[in-house]
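> Return a 3D structure for these sequence lines:
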Amino acid sequence: QLQLVESGGGLVQPGGSLRLSCAASGFTLNYYAIGWFRQAPGKEREGVSCLSRNGGTTNYADSVKGRFTISRDNAKNTVYLQMNSLKPEDTAVYYCAVISLCMLSIEPNYWGQGTQVTVSS
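Numbering: from 1, shown residues only. Modelled structure (predicted):
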């Protein structure tokens, strides 16, 4: 059974950091491009970051450039999103997804269940 499981979300103060994990089972992550998306209440889903299949290309939304970093550990079959200097506007449910190309506007092929990130003092 194909499965993506996100973890690492939580409550953090502005300026803090979190590292989200996306663990895959039933398939090999590095055969695919992977994206991180987020959706805040009342807002449309937003592409946050993506990593190409070969790992040679990354993309970031302007709102997170310089603060977020996507990476992959092939041995653990896991993709990470390191989030630093978090802001209240980063509050959302974060999802990882299999995508066909590393493009933030692309429609995901397969989603995880999401993990809540709340940035608040």
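> Any idea how far apart the tips of stretch 3-15 sit?
Across its full length, stretch 3-15 reaches 32 Å end to end, with Cα to Cα, to the nearest Å as the criterion.
> Show residues contacting it.
Residues from elsewhere that reach stretch 3-15, judged by Cβ atoms under 8 Å, 6 or more residues apart in numbering: 18-26, 85-88, 94-98, 110-121. (Glycine included, C-beta is placed from N, CA and C.)
> Check stretch 58-74 too.
Counting by Cβ under 8 Å, 6+ apart, the neighbours of stretch 58-74 from elsewhere in the structure are 29-30, 34, 36, 46-52, 55, 78-86, 89-90, 102-104.
> Can I get the buried part of the residues you listed as one ChimeraX selection?
The ChimeraX selection below is limited to those of the contacts of stretch 58-74 classed as buried (16 or more other Cβ atoms under 10 Å):
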select :29,30,34,36,46,47,48,49,50,51,52,78,79,80,81,83,86,90,102,104
